[in-house]
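Undergrad: Build me a model from this:
(chains A and B)
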Amino acid sequence: MSDDQGAARTESYPSLTAREHWGRYAVGMATEALFILGLTAIGFALAYIAQAVWL
Amino acid sequence: MILRPRREDHLVIGKYTGKVIVGVGLLMVVPLLTSVLFAEWDTVVDFVISMSACFIFGFGAQYLCRTDKDLAWSHGLVVASGSWIWATILGALPHWLSSHEGSYLDAMFDVMSGYTTTGLYLLQDLDHISNGLNMWRHLLTYAGGQGIVVIALTFLFKGTSGAYKVYVGEGKDERLLPNVVNTARAIWLVSLAYLAVGTLALFGVALWLGQEPVRAFLHAAWVFMGAWSTGGFAPQSFNTMWYHSFAYEIVTIVIMIAGSFNFALHWAVWTGRRSEIVRNLETVSFAITLTLTTMLATFWLARAGVYPDAMALGRKVFYQLASGHTTTGFSTIFSKAFVTQWGTIGLLAVTLAMGIGASACSTAGGIKGIRVGVIFKSLIGDVRKAIAPESAVVRQHYHHIRTQWLDDGLVKTALTITVLYLVMYLVSGLLGVLYGYEFTAALFEGVSAGSNTGLSCGVTDPSMPAVMKLSYIVFMWLGRLEFMSVFALLGYGISIVRGR
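TA: Model prediction:
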């Protein structure tokens, strides 16, 4: 294997904690939080509907 | 014919069990340092004794069971389930030495509850235990959520080809990355990132609420561990109700639901496949069953007029249902309120949510959303087959990380595990009835133990009969390891006695 190939291989497998991944990880975490807050909003909407039905 | 295990089999199982127990001993360094920091010298002694016991057992087992043989599949299952027993027996030492437990059985109950991320506890005077012991309780759930074997995989099993077999034995059978050790590291990366962000968010809210900074930080770290691991332990006996804060509740909801997601889903979303969160069978199944059970409890409690307004109703119902469905066990109502205020339908809605549970390969317990989804998809497929022309070929598919065909083997496995869970839930309910508890309350508590949730309607108590304590320990263990590893351990025991 030539040195160039070795360098390319190192480049294609950066460490899981490499700084270049942080942005993607943050967006992933934010996506999950938004999904969960959406579910929470449904739960509260149900409460308002239920309260309106039984009042 | 049953084959009797050979000496080499015992050695390899003993060696790897020893490694896991050394990992448990190393974990005690964190509460030990916490106790040193707060000058809790009695607790320091408790942890020094407990660590010594773990190291003597762990290194002793590795020394006595020296072998170059690697793990086979059956060994992996036996090591996973056997390690949990030894880790419970030895991990209970700090609890027992603290004098806050009524008996060693109670201490083991609390430790198994921690490892299995259940959250039920028998510890007495929780509000006055040392910071070191509180750290140990929460660390148990955090480590248990990751899988105590994952810890050993990450730090102690480097490069062993048999490591994956123990990993599977602990109920986590998805590789996020081609290499199993990297998979374990990816799991840690997701968990530690959430640990940092989640603790900071809870710390900020606690400071805003007026909590003293050191206390706010400790509470934030502990509540995070309880939420993320879907363990449900909290530093106060009033659980998360103690904070009386809507903001604290919202943050814990986000953490506990995120903690209940499959690590493979986290990894997919974090590495750019964001639509996975709305396409994945597990999240779709979870969203539907959470909405349906919330709807059931909400309409029932609105009709009964238990809460004064929609905001209070939404806060209480969604929190308990999200907590139950993610199998966390955090609660913002008194245990007895499930019986006295929520009534039969409210209790059944939470029982149903707990029984289903959340995602596979996560920190959550229960039957799991993917199995519910697979069974439902299979049912739809059968209906489609019934109404399709005879010559038509009907095949169902589902999406989990990638689109996959639904085959009979998968459906059979999902049904088998589901039936095993249902039988366990029923047995736990009947056991409670035998000891004089009302059926719905006994079923609620039994499902809570078996699904590793930890919500209580008041049955779990230090005065509970010893047989029920022991049974709940077994239910928590069975539920967390999803039966197969425990059955493998039983089979191993039988083969020692009856094998040829």
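
Undergrad: Please tell me how far the most centrally placed residue in chain A sits from chain B.
TA: With distances taken as CA atoms, centre = their mean, residue A:28 lies nearest the centre of chain A, 1.8 Å away. From residue A:28 across to chain B, the span is 3 Å (CB to the nearest CB, to the nearest Å). Bear in mind the C-beta positions are built from the backbone N, C-alpha and C, glycine included.

Undergrad: Can you verify that residue is assigned to a strand?
TA: No. Applying DSSP: H, G, I helix; E, B strand; the rest coil, one finds residue A:28 to be helix, outside a strand.

Undergrad: quick one, what contacts it?
TA: Residue A:28 makes contacts with B:266, B:269, B:270, B:271, B:272, B:274, as judged by CB atoms under 8 Å, 6 or more residues apart in numbering or on different chains.

Undergrad: One more: residue B:438?
TA: Applying CB under 8 Å, 6+ apart, the residues contacting residue B:438 are residue B:339.

Undergrad: swap in the one 5 residues further on?
TA: Contacts were defined as CB under 8 Å, 6+ apart; by that measure residue B:443 touches B:351, B:425, B:426, B:428, B:429, B:432.

Undergrad: Up against chain A, what does the stretch 401-500 of chain B have?
TA: Residues of the stretch 401-500 of chain B lying close to chain A (CB under 8 Å from any CB of the partner chain): none.

Undergrad: Can you name the element that comes right after the lowest-mean-pLDDT helix or strand in chain B?
TA: Among the helical and strand segments of chain B, the one scoring lowest on mean pLDDT, DSSP states H and E is helix B:163-169, with a mean of 57. Going down the chain from helix B:163-169, the next helix or strand is helix B:180-209, by DSSP states H and E.

Undergrad: Skip ahead from that next one and say which helix or strand is next.
TA: Following helix B:180-209 in sequence order, the next helix or strand is helix B:213-228 (DSSP H and E).

Undergrad: for that following helix, packing partners?
TA: helix B:131-146, helix B:180-209, helix B:246-259 (3 or more CB pairs under 8 Å, 6 or more residues apart in numbering or on different chains; DSSP states H and E).

Undergrad: remind me which residues of the chain are low pLDDT?
TA: All of this is about chain A. When residues are selected by pLDDT under 70, those of chain A lie in A:1-14, A:55.

Undergrad: meant chain B actually
TA: Those would be B:1-3, B:147-181, B:500, if you go by pLDDT under 70 across chain B.

Undergrad: quick one: the strands in it?
TA: Secondary structure of chain B by DSSP state E: the strands cover B:397-400, B:402-405.

Undergrad: Name the residues that touch the first one?
TA: The set of residues that contact strand B:397-400 without belonging to it, under CB under 8 Å, 6+ apart, is B:264, B:279-282, B:370, B:373-374, B:377, B:403-406.

Undergrad: Can you name the residues that contact the most centrally placed residue in chain B?
TA: By CA atoms, centre = their mean, chain B has its centre lying nearest to residue B:117, at 3.3 Å. Residue B:117 sits next to B:141, B:144-145, B:229-232, B:327, B:363-365, B:452, B:454, B:480 when contact means CB under 8 Å, 6+ apart.

Undergrad: how about these, which pair is most distant?
TA: Greatest spatial distance in these: B:232 and B:480, 13.5 Å, computed using CB to CB.

Undergrad: Could you pull out the residues contacting both of those two?
TA: B:117, B:118.

Undergrad: between the two, who's got more neighbours?
TA: residue B:232 (32 against 27; other CB atoms under 10 Å in any protein chain shown).

Undergrad: Next one: that one from chain A, what distance?
TA: Per CB to the nearest CB, residue B:232 is found 18 Å from chain A.

Undergrad: about what we covered before: how close does the residue nearest to the centre of chain A sit to residue B:267?
TA: The spacing between residue A:28 and residue B:267, counted by CB to CB, to the nearest Å, is 9 Å.

Undergrad: now do residue B:376
TA: Residue B:376 sits at a distance of 25 Å from residue B:267 (criterion: CB to CB).

Undergrad: ditto for residue B:320
TA: Distance of residue B:320 to residue B:267, computed by CB to CB: 30 Å.

Undergrad: try residue B:231
TA: Separation of residue B:231 from residue B:267 (CB to CB): 22 Å.

Undergrad: Compare these two (neighbour count), which wins?
TA: Per other CB under 10 Å, whichever of residue B:231 and residue B:267 has more neighbours is residue B:231, with 33 against 22.

Undergrad: who in chain A is up against chain B?
TA: Counting by CB under 8 Å from any CB, chain A sits next to chain B at A:16-17, A:24-25, A:27-29, A:31-33, A:35-37, A:39-40, A:42-44, A:46-48, A:50-54.

Undergrad: if we go to 6 Å?
TA: Within chain A, the positions near chain B by CB under 6 Å from any CB of the partner chain are A:16, A:24-25, A:28, A:31-33, A:35-36, A:40, A:42-44, A:46-48, A:50-51, A:54.

Undergrad: Residue A:15: what secondary structure?
TA: Following three-state DSSP, residue A:15 is assigned to coil.
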